[in-house]
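Enquirer: need a structure here:
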Amino acid sequence: MKLTNIACKNAKPREKTYKMFDGGGMYLEVTPAGGKYWRMKYLFMGKENRLAFGVYPEVSLLEAREKRNIARKQLQNDEDPVQVRKTAKLERKINYENNFEAIAREWHSKRNYMWQPKHAKTIISRLEQYIFPEIGSRPIKFITPVELLAAIEPIEKQGKHEMAHRMLQTCGQIFRYGVVTGRSERDITLDLKGALAPVPTKNYAHLSEKELPEFLKKLDRYDKEFNGQPLTKFAFQLLILTFVRSGEIRGAEWKEIDFDKAQWRIPANRMKMKEQHIVPLSKQSIKLLNKIHKISGDNKFIFPSQKEPHKIMSENTFLRAIEIMGYKEKTTGHGFRSTASTILNENGFTPDVIERQLAHCERDQVRAAYNHAQYLKERTALMEWWGEFIERLIK
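Expert: Predicted coordinates for the structure are as follows:
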């Protein structure tokens, strides 16, 4: 006889545990302490087993019957209900542990050594601010392109177009990491190609060839006419002669300079693309470095801070010098890379050689092992021409 809600409710405890059957192997087990537990007895592969459905009345008679019916269908499909439940529990545990935030933090920790501390902190803080609150707790393999786009679009709506694109790229790297570690099926960011508005073109303010001679002459008189520091003048002159990034100049160390080979080898950990970069040094650059050596040759850094010699020159040094000379809004330290690129292209140098010397192209890690010396002969000739060109402009 099948159970009723009234029978379940009125069931009283006895000296020993007893069972009230409902059919299909399911019964309500009543203990001496008054506990009422739904159970199901079944045979699988000739072996008797038990399945628990919960406690009455938290699990009603109707709910217990639904669970029994599901278990019976599993048995009809030659599936052991207990094993199905264990597998589902394990999968839920794996999905919980493999949520987007957990995998993103794991990915971040494994790449920390490749980045500058400030860059690493920026990446994780942006994920924490924009992405984790939206999809961080979601199992990575269940996240849809629509969900990811919904997390990134608020960044775009704030007018931070470049940041939105960078966050999409970062998420793409995290999804690809999930793929190679077997926790994600694919990189869903590929489905969002074109979903974000293009990043407005950003041109660094820079001087034209016509404006360059006057600037160079003012820079040459920076320490006398503008009462500037000689080391600041020399740093700016070397920046123009080598057209590297300002951070690469400021962090330069004497051990990176090979005077015999006339080369400056910037280590990978100081380069934006995390790849060693060779800068052929023109006669003008070598002459300038010899001058500088008389000032800071005893220091680890070529351009140490004036106030704290054990640290590098301040990142505001070049901007301050530009402002003092009256070129604020007209150029930046980075702008001289654009000036050099424009002039070199106009004078017939091969674009690939110029781009390689600018260290613009991001390459994969396999090619990075030898590409730091690519076009070295042509780049050496280019840098000699550039050094002579700058010298002529000053004169």
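Enquirer: Enumerate the beta-bridge partners assigned to residue 266.
Expert: Beta bridges link residue 266 to residue 277, judged by DSSP bridges.
Enquirer: count of neighbours near it?
Expert: 23 (other CB atoms under 10 Å). C-beta here means a position set from N, CA and C on the backbone, and glycine is covered the same way.
Enquirer: okay, it: pLDDT?
Expert: At residue 266, the model reports a pLDDT of 91.
Enquirer: list the contacts for it?
Expert: 244, 248, 252, 256, 276, 277, 278, 279 (CB atoms under 8 Å, 6 or more residues apart in numbering).
Enquirer: Quick check: buried residues in stretch 147-155?
Expert: 148, 149, 151, 152, 155 (16 or more other CB atoms under 10 Å).
Enquirer: Restricting to C-alpha, output it in PDB.
Expert: Output of stretch 147-155 as PDB, limited to C-alpha atoms (Å, rounded to 0.1, in the frame of the first residue of the first chain):
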ATOM      1  CA  GLU A 147      28.200  36.600 -20.600                       C
ATOM      2  CA  LEU A 148      31.800  37.700 -21.300                       C
ATOM      3  CA  LEU A 149      30.700  40.600 -23.500                       C
ATOM      4  CA  ALA A 150      28.300  41.700 -20.800                       C
ATOM      5  CA  ALA A 151      31.200  41.900 -18.300                       C
ATOM      6  CA  ILE A 152      33.400  43.900 -20.700                       C
ATOM      7  CA  GLU A 153      30.800  46.300 -22.200                       C
ATOM      8  CA  PRO A 154      30.600  48.500 -19.100                       C
ATOM      9  CA  ILE A 155      34.300  49.300 -19.600                       C
END
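Enquirer: who's in contact with that stretch?
Expert: Applying CB under 8 Å, 6+ apart, the contact partners of stretch 147-155 are 130-131, 134-135, 138, 163-164, 167-168, 171, 188-189, 192, 195-196.
Enquirer: repeat for stretch 302-314
Expert: Stretch 302-314 is contacted by residues 229, 231-232, 234-235, 249-254, 257, 289, 292, 296, 299-301 when judged by CB under 8 Å, 6+ apart.
Enquirer: And stretch 387-394, by the same measure?
Expert: Stretch 387-394 is touched from outside by 212, 213, 216, 217, 220, 240, 241, 282, 283, 284, 285, 343, with contacts defined as CB under 8 Å, 6+ apart.
Enquirer: Now it: buried residues?
Expert: Here stretch 387-394 shows 387, 389, 390 as buried, counting by 16+ other CB under 10 Å.
Enquirer: Which of these fall within helices?
Expert: Members of the buried residues of stretch 387-394 lying in helices (criterion: DSSP state H): 387, 389, 390.
Enquirer: so where's the chain uncertain?
Expert: Regions of the chain meeting the criterion pLDDT under 70 cover residues 93-96, 200-204, 361-373.
Enquirer: Tell me where it has strands.
Expert: Taking DSSP state E as the test, the strands found in the chain are 18-23, 26-30, 36-44, 47-55, 257-258, 263-266, 277-280.
Enquirer: from the contacts of residue 266, which is closest to residue 326?
Expert: Set against residue 326, the nearest of the contacts of residue 266 by CB to CB is residue 244 (24.6 Å).
Enquirer: okay, now the domains of this protein?
Expert: 5-80, 100-192, 212-394 (automatic domain parsing).
Enquirer: distance between the first one and the chain's centre?
Expert: So the one you mean is domain 5-80. Distance of domain 5-80 from its chain centroid, counting by CA atoms, centre = their mean, to the nearest Å, is 52 Å.
Enquirer: residues touching residue 295, list them.
Expert: For residue 295, the contacting residues are 230, 231, 234, by CB under 8 Å, 6+ apart.
Enquirer: Neighbour-wise, which one of the residues you listed leads?
Expert: Neighbour counts for these peak at residue 234, which has 21 neighbours (criterion: other CB under 10 Å).
Enquirer: wait, it sits on residue 291?
Expert: Yes - the criterion here is CB atoms under 8 Å, and residue 234 meets it with residue 291 at 6.5 Å.
Enquirer: just to revisit the earlier point, can you put the buried residues of stretch 387-394 in CSV and add distance to residue 54?
Expert: Listed next are these as CSV, based on distance: CB to CB, whole Å:
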residue, distance to residue 54
387, 82
389, 83
390, 82
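Enquirer: Looks like residue 55 contacts residue 38 (just checking).
Expert: Yes - taking CB under 8 Å as the definition, residue 55 is a contact partner of residue 38 at 7.4 Å.
Enquirer: So between those two, which is more surrounded?
Expert: Set residue 55 next to residue 38 and count neighbours by other CB under 10 Å: residue 38 wins out with 25 against 11.
Enquirer: what sits against the nearest residue to that one once chain neighbours are set aside?
Expert: The spatial neighbour of residue 38 that comes closest, neighbours along the chain excluded (CB to CB, 6 or more residues apart in numbering), is residue 53 at 3.7 Å. Contacts for residue 53 (CB under 8 Å, 6+ apart) come out as 26, 38, 39, 40, 59, 63, 64, 67, 68.
Enquirer: Many thanks, have a good one.
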